[in-house]
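S.K.: Just a sequence and a predicted model for now, questions to come.
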Amino acid sequence: MDINALYNEWLKNASADLDLIEELNSVNGNKDEISDRFYKDLEFGTAGLRGVIGAGTNRMNVYTVCRATQGLADFLNKHFENPSCAIGYDSRIKSDYFSKEAAKTLAANGIKVYIFSELHPTPCLSYAIRKFHTSGGIILTASHNPAKYNGYKCYDCNGYQMTDDEAAETYEYIQKVDYFTGIKTMDFDDAVNQNLIEYMGEDVIESFLDEVQKQCVNPKACKEADLCVIYTPLNGTGNKPVRKILSRIGIEKVHIVAEQELPNGNFPTCPYPNPEIKQAFEYALKMTDKINADILLATYPDCDRVGIAVLDKNGEYVLMSGNEVGAMLLNYLLSQKKEKGTLSKTSVAVKSFVSTDLAEEIAKKYGCTFKNLLTGFKYIGELITNLEAEGKADDFVMGFEESYGYLAGTHARDKDAVVGSMLICEMAAFYKLQGKSLVDVMDDLYREFGYYNNTVKSYEFDGEAGMEKMAEIMNRLRLNPPCSIADMKVTYIGDYKTCIAKNISDCSESKIELPKSNVLSYKLQGGNGVIVRPSGTEPKIKAYITAIGSDKKSAAALAEKLVSAADKFMAI
């Protein structure tokens, strides 16, 4: 079917949401606008759907959500005798609406639904899947994307996002579903009365917090240190659970950014609700004029990730990267567990392979096994599940990704900003009692292991032409691999799409024992490196830079050279 025919079909049939009809009428006659909405179906990747909210096959709307849900229902009914599904949602525009419509579709397919009665963090959805032993799960969220985005993630029965094979099979079912005639649905209240839809109560969240609190290693430190925190949930889901867990561990001085306290999918004070960007801390930083906080916390709208800013000795608040926080948390947990005699002799820590190699060096110091996995927390969740199956769940120390995602404990199988916030504050309190800030702690680690400058540079490619350009860049790099980057010889090339690693010095090849992924990794002299990876959820390519120096200045200078080299990679 051509694009204009699709447009007319939607104009005729998309009446379930009047916003869609209004939007479709507004672009009538505009070829480019119509094409952008209908030139493709919104891609269902391993993370599900993510896109701009609006009308069309390439947008997030009730039809794309319910079409995906119908495909998921067909998948679940094939693989489970009495399938069930947990559903959660965040503060995004229409997340609550989409979650109920998805529940209606599942119920109409005979699938029991457990749904939260209000918005809750993504890790709570992962926990609920395991608590109720459901066949899968759905979360409506677009993480840190701007307000115009929403998303739909599918989880499997283990509580982590679908594996590649599961997602591919689900997508096959989705493709068979007609947007207007192929989706089953039923009245929501009727489904509740028939016990096909059941609301999850506050007891689920309280038991989730019980499990989070078990991860404390120095439970008295926060009260003793009189830690002072400024916290912003960035108009998302973290407000209640993060405040509750901080209260539980004895932090009495928690000051909330009022403008960003309540759920609001428009994010009026923060167009990009992403703590990796300093703007996300703007209102929290204003509060420091009157409040001498030790640490600023900002959780993502779905509260799966957390960023921090820390007061240093010069009286300035320093934003700390996900790599730095991940390294510090690992060092803190390993050192304290070892001191208390609770560190397993077969302990395991893990990170995404694009995250800092400093963590691996820290793990070696404590005799902890370390694993590098593909980007995507589902791989960390899968590792925990395998450990659990072997009776070794207690061996898991923590996992993290450089994009501010952390998990300690096995209560969830996704990154968890509730446990992350708790442990970060506990760690800050522990070191405060020693007269140190987290900036001091990080400097100590750098002095011990070397100065790791880990930089992420993103290159955006919007629209249909942008997707083609991204593919062209990756193809060109594969066909013409660089011999040197920033005047340093390439010693190793790892192609995670072909799963072949090449050692340049002896021309040998080896197999990469990880699932296939469209990623290229270049290792350079001195432990430096560049990894190039198209984002799985956004129209951009990311370059992950590792620069190691004898001091901060030399590492920063080298990182700048490597970023300039990466810029050239992205030029066509």
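M.R.: Great, that's in hand.

S.K.: all contacts plus neighbour counts: C-alpha atoms, from now on.
M.R.: Fine.

S.K.: What is the burial count for Leu387?
M.R.: 16 (other CA atoms under 10 Å).

S.K.: ok, it - contacts?
M.R.: Leu387 sits next to 393, 395-396 when contact means CA atoms under 8 Å, 6 or more residues apart in numbering.

S.K.: again, 10 Å this time
M.R.: If you count contacts by CA atoms under 10 Å, 6 or more residues apart in numbering, Leu387 has them with 348, 381, 393-396.

S.K.: What are the contacting residues of the lowest-mean-pLDDT helix or strand in the chain?
M.R.: Lowest mean confidence among the helices and strands of the chain (mean pLDDT, DSSP states H and E): helix 463-479, at a mean of 88. By CA under 10 Å, 6+ apart, the residues outside helix 463-479 that reach it are 35-36, 39-40, 459-462, 480-481, 493, 495, 518-520, 532-534, 539-541, 569-572.

S.K.: Which ones among the contacts of Leu387 map onto strands?
M.R.: The strands, defined by DSSP state E, take in 348, 396 from these.

S.K.: okay, the contacts of Leu387 in TSV with distance to Asn528 next?
M.R.: Below are the contacts of Leu387 laid out as TSV (distance: CA to CA, whole Å):
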residue	distance to Asn528
Val348	25
Gly381	28
Ala393	33
Asp394	33
Asp395	30
Phe396	28
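
S.K.: Tell me the one of the contacts of Leu387 nearest Pro301?
M.R.: Gly381 (21.2 Å; CA to CA).

S.K.: Nearest spatial neighbour of the closest one, chain-adjacent residues omitted?
M.R.: Leaving aside its sequence neighbours, Gly381 sits nearest to Arg413 (CA to CA, 6 or more residues apart in numbering; 4.3 Å).

S.K.: Just confirm that neighbour is within a helix.
M.R.: No. Applying DSSP: H, G, I helix; E, B strand; the rest coil, one finds Arg413 to be coil, outside a helix.

S.K.: I'd guessed it sits against Met162; true?
M.R.: No. Using CA atoms under 10 Å as the test, Arg413 is too far from Met162 to be in contact (11.4 Å).

S.K.: In contact with the nearest residue to Ile53 once chain neighbours are set aside, which residues are there?
M.R.: Nearest non-adjacent residue to Ile53, counting by CA to CA, 6+ apart: Met60, 4.5 Å away. Contacts for Met60 (CA under 10 Å, 6+ apart) come out as 42, 49-54, 94, 98, 148-152.

S.K.: In strands, which of the residues you listed appear?
M.R.: Residues of the contacts of Met60 located in strands (DSSP E): 49-52, 149-152.

S.K.: can you list the residues you listed in a markdown table and add distance to Ala168?
M.R.: Below are these laid out as a markdown table (distance: CA to CA, whole Å):
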| residue | distance to Ala168 |
| --- | --- |
| Leu49 | 13 |
| Arg50 | 16 |
| Gly51 | 19 |
| Val52 | 22 |
| Tyr149 | 23 |
| Asn150 | 21 |
| Gly151 | 18 |
| Tyr152 | 15 |
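
S.K.: which of these has the most neighbours?
M.R.: Within the ones in strands among the contacts of Met60, most neighbours by other CA under 10 Å means Asn150, with 29 neighbours.

S.K.: Could you measure from that one over to Met162?
M.R.: Remark: distance between Asn150 and Met162 (CA to CA, to the nearest Å) = 19 Å.

S.K.: likewise Gly137?
M.R.: From Gly137 to Met162 the distance is 9 Å (CA to CA).

S.K.: Quick check: neighbours shared by those two?
M.R.: 153-156.

S.K.: nearest to Asn109, of those?
M.R.: Among those, Cys154 lies closest to Asn109 (CA to CA), at 16.9 Å.

S.K.: Correct me if wrong, but that closest one is in a strand.
M.R.: Yes. Counting by three-state DSSP, Cys154 is located in a strand.

S.K.: Mind listing the residues bridging to it?
M.R.: Ile138 (DSSP bridges).

S.K.: what's near enough to touch it?
M.R.: Residues in contact with Cys154 (CA under 10 Å, 6+ apart) are 44-49, 68-69, 72, 85-87, 136-140, 160-163, 166-167, 170.

S.K.: Sitting in strands, which of those do you find?
M.R.: 49, 85-87, 136-140.

S.K.: Save these as a markdown table, and put in pLDDT and distance to His79 too.
M.R.: Output for the ones in strands among the contacts of Cys154, formatted as a markdown table (pLDDT from 0 to 100; distance: CA to CA, whole Å):
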| residue | pLDDT | distance to His79 |
| --- | --- | --- |
| Leu49 | 94 | 22 |
| Cys85 | 98 | 13 |
| Ala86 | 98 | 16 |
| Ile87 | 98 | 19 |
| Gly136 | 98 | 11 |
| Gly137 | 98 | 14 |
| Ile138 | 98 | 17 |
| Ile139 | 98 | 21 |
| Leu140 | 98 | 23 |
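
S.K.: if we can go back for a sec, which of Arg413 and Met162 has more residues huddled nearby?
M.R.: Taking neighbours as other CA under 10 Å, Arg413 and Met162 compare with Arg413 leading, 30 against 25.

S.K.: quick one, what contacts the more buried one?
M.R.: Here Arg413 is in contact with 123-127, 129-130, 155, 158-161, 377-385, 407 (CA under 10 Å, 6+ apart).

S.K.: Mind giving me the PyMOL select for the ones in strands among the contacts of Cys154, buried ones only?
M.R.: Filtering those down to the buried ones (16 or more other CA atoms under 10 Å) takes a single PyMOL command:
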select buried, resi 49+85+86+87+136+137+138+139+140
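
S.K.: re earlier: between the shared contacts of Gly137 and Met162, which is closest to Ile485?
M.R.: Nearest member of those to Ile485, counting by CA to CA, is Lys153, at 36.9 Å.

S.K.: so what's the closest one closest to, chain neighbours aside?
M.R.: Gly48 (4.5 Å).

S.K.: tally of neighbours for that neighbour?
M.R.: Using other CA under 10 Å, Gly48 has 24 other residues around it.

S.K.: Read off the pLDDT value for the residue nearest to Lys278 when sequence neighbours are not counted.
M.R.: Sequence neighbours aside, Leu319 is the residue nearest to Lys278 in space, at 7.4 Å (criterion: CA to CA, 6+ apart). As predicted, Leu319 sits at a pLDDT of 96.

S.K.: Check Asp36 too.
M.R.: Model confidence at Asp36, given as pLDDT, is 94.

S.K.: and it, helix, strand or coil?
M.R.: helix.

S.K.: just checking, it touches Arg59?
M.R.: Yes. Contact criterion CA under 10 Å: Asp36 and Arg59 qualify, at 9.2 Å.

S.K.: which of these two has more neighbours?
M.R.: Arg59 (26 against 16).

S.K.: All the helices of the stretch 151-300 of the chain, residue numbers only.
M.R.: Secondary structure of the stretch 151-300 of the chain (DSSP state H, counting those that start in this stretch): helices at 164-175, 188-193, 202-213, 221-225, 239-248, 282-287.

S.K.: Output the ones you listed as CSV; include the columns distance to Thr64, mean pLDDT and mean neighbour count.
M.R.: Below are the helices of the stretch 151-300 of the chain laid out as CSV (distance: least, CA to CA, whole Å; pLDDT from 0 to 100; neighbours: other CA atoms under 10 Å):
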stretch, distance to Thr64, mean pLDDT, mean neighbour count
helix 164-175, 10, 94, 17
helix 188-193, 19, 98, 15
helix 202-213, 30, 97, 17
helix 221-225, 46, 95, 19
helix 239-248, 30, 98, 19
helix 282-287, 35, 97, 17
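
S.K.: Which one of these lies nearest to Val354?
M.R.: Nearest of those to Val354, taken as CA to CA: helix 164-175 at 19.3 Å.

S.K.: Check the offset of that closest one from the chain's centre.
M.R.: Mean C-alpha position of helix 164-175 versus that of the full chain (CA atoms, centre = their mean, to the nearest Å) differs by 21 Å.
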